[in-house]
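# model this:
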Amino acid sequence: MRALAVGLGMLHAYAAIHSQSMNADGIAYLDIGDAYFRADWANAINPVWSPLYSWILGLVNFTFEPTMQWEFPTVHIVNFFIYLFALASFDFMWGKVRSTNLGDDEIRLPEPLWWTLGYLLFIWTSLSLIQIWAVTPDMLMAGLVFLAAGLIARIRMGDDSYRLFLTLGLILGLGYLSKTFMFSLAPIFLALAWLVQKRTRSAFTKTLLAAGTFLLISLPFILLISNAKGKLTIGEAGTVTFLRYINGMPFPHWQGDPTNGIIPKHPSRVIHQSPAVYEFGEPMDGTYPISLDPSYWYEGIEPRFDFGGLLARLLTSGLVYAKLFLQQQGILFACVLALYVMGQSQKFASREILQRWDLVIPAVIAFGLYATVLVQSRYVGVFVLLFWADILANIRLTAAPNNKSWLNVLSGIATLGLLANIVMFNLDGFKRLNPTLGINSVQQTAPAAKPLEVAQTLRDLGIHQSDTVGVIGYAYDSFWARLARVKIVAEMFEVQAIEDFWRGDLSLQKRVLQAFADAGVDAVVAEYVPADAKLDGWYRVGNSNYYVYLFTAR
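Just a heads-up that it's a prediction; the model follows:
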């Protein structure tokens, strides 16, 4: 099972390398990592994107200096090693959670089925939910959560050494540095570390040691970002997400709502009205300054309680969880429920319930916290596995012959259900990588250009590193800019371009291009250009529907 997990991880990493996969969050993490290693603290100390993942990517880029062709593949090689770290952390946790002694008249999942179910859950949550190709810190956080859960399991087994509590505080501190969300869960893990021990002064002292170590790791970064924002904050990612998904604030380039007196302090600047062109080159750096620190562009807007928006979000989140547990994991859910119903109706004291099922608590709390703002599979993947850990570990049946058969049959069905999920997910991904396996269709328009192709075209046209460019399209996904090491400072959305710019008169096109020129850009890259567009003076990127307009002869 370990070989299967490593092998599938390698295949997913290879697919990401082969396709030069990237996502918008990844560009921000890469930019911040570079800023740290060139001592550009103004752009490195970031309240939205947590630092640990950026440090790792920045160290690798600083050490190996990958070429344009190898930058994205290098990121995925790093992600694969982070996946191996998460796998080792899971292995540590899974070996510790089944610590409760088994009674003479009880049976539980056989050891082979226990490990098989665990590894299948890890493979599915890591590759299908968290996803190894995503350039985000979620896999890194998952590994740290598994380590923290494994340490809690050791504490409830009776291991109460000071070194263990010191390690727990260190892991929770690194968890916060990997993702701000872990600051909300760290007190839960610390409380569990205390509650599963005997109530002694020594237990309290050791828990304080873990808490102190956690704060020692966390506080320096909290102070740095608080100083940068001019207020006490543990991170602004939650605030930005709340403003967007609960309060409905548009992103990017929201200019405010003057009617209701809601105006951000420093929105992007409108440099052409119709179609709208936005400029945002200052005050920050990065490939796309809008995404480098989204909280800056929302500054001055306070989150407001919106009961209707919160209720709608909870309903949406509930549907996501229903699909996750009742559809995607429906077979596992049904089999486990049946085994618990068949189990002996033994009553447990509250302390014993805590000892047996304590790891379910942080998982359920995480589900609830995410439900109030935004649930995405990569956010909750690690907590899905954590949720099942103690539940599977505490399946108990009386040692009757029929019960043993039912235990083997139902756990076997659950195993096959998980295996089917993994197989279907991988087959679907294989088809996406090989579109010729699907239904043949006639290509009506030119294809989109690959990021590497656009970056190389800019280089061939004489655009150099640190030059500034404008985008006609959606710059949030313009990954080519990172490869070319250019800075996007102006943007016009694709929808407006199709409706007004490409099919407008030549005088309008000249005015829009002049607005871009006034913003100081060296070139404009147009994405998804319609086939009937007027393209005098534009350079085509290969055979794609991407075009480049230069403002100076190169």
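# Run through the stretch 1-150 of the chain and note the low-pLDDT ranges.
Within the stretch 1-150 of the chain, the stretches with pLDDT under 70 are 100.
# Also the stretch 251-400 of the chain?
344-351.
# go again using 90 as the cut-off
Residues of the stretch 251-400 of the chain meeting the criterion pLDDT under 90: 251-266, 273-275, 282-284, 298-310, 340-357, 394-400.
# how about stretch 234-249: buried residues?
Within stretch 234-249, the residues scored as buried using 16 or more other C-beta atoms under 10 Å are 234-247, 249. Yep, even glycine has a C-beta here, placed from its N, CA and C like the rest.
# Same check on stretch 184-196?
Going by neighbour count (16+ other C-beta under 10 Å), the buried part of stretch 184-196 is 185-186, 188-190, 192-196.
# Could you tell me which of those residues belong to strands?
Judged by DSSP state E, the buried residues of stretch 184-196 include no members of strands.
# Can you flag which of those belong to helices?
Of those, the ones assigned to helices by DSSP state H are 185-186, 188-190, 192-195.
# Domains in the chain, by residue range?
According to automatic domain parsing, the chain comprises the domains 2-228+313-429, 451-550.
# is it possible to export the ones you listed to CSV including distance to Pro289?
CSV is the format used below for the domains of the chain (distance: least, C-beta to C-beta, whole Å):
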stretch, distance to Pro289
domain 2-228+313-429, 9
domain 451-550, 7
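# Arg269 is nearest to which of those?
When the domains of the chain are compared by C-beta to C-beta, domain 451-550 sits nearest Arg269, at 8.7 Å.
# what about the closest one, how long is it end to end?
18 Å (C-alpha to C-alpha, to the nearest Å).
# what's the answer for stretch 256-271, then?
16 Å.
# now swap in stretch 276-284 and tell me
OK, stretch 276-284 end separation, C-alpha to C-alpha: 22 Å.
# Could you check how far the closest residue to Ala446 other than its chain neighbours is from Tyr288?
Computed as C-beta to C-beta, 6 or more residues apart in numbering, the closest residue to Ala446 that is not its neighbour in sequence is Asn545, at 4.1 Å. Distance of Asn545 to Tyr288, given as C-beta to C-beta, to the nearest Å: 21 Å.
# For the two, work out which one has more neighbours and name it.
More crowded of Asn545 and Tyr288, by other C-beta atoms under 10 Å: Tyr288, with 24 against 19.
# which residues sit in contact with the residue lying closest to Gln255 once chain neighbours are set aside?
Leaving aside its sequence neighbours, Gln255 sits nearest to Pro267 (C-beta to C-beta, 6+ apart; 5.1 Å). By C-beta atoms under 8 Å, 6 or more residues apart in numbering, the contact list for Pro267 reads 253-256, 297.
# again, but for Leu513
524, 549, 551.
# Mind checking which of these are buried?
524, 549.
# Next step: the contacts of Leu513 restricted to helices.
Per DSSP H, the contacts of Leu513 never map to helices.
# remind me which residues of the stretch 451-554 of the chain are low pLDDT?
Checking the stretch 451-554 of the chain against pLDDT under 90 turns up 494-509, 530-537, 551-554.
# in it, which spans are helices?
451-460, 480-484, 494-496, 506-518 (DSSP state H, counting those that start in this stretch).
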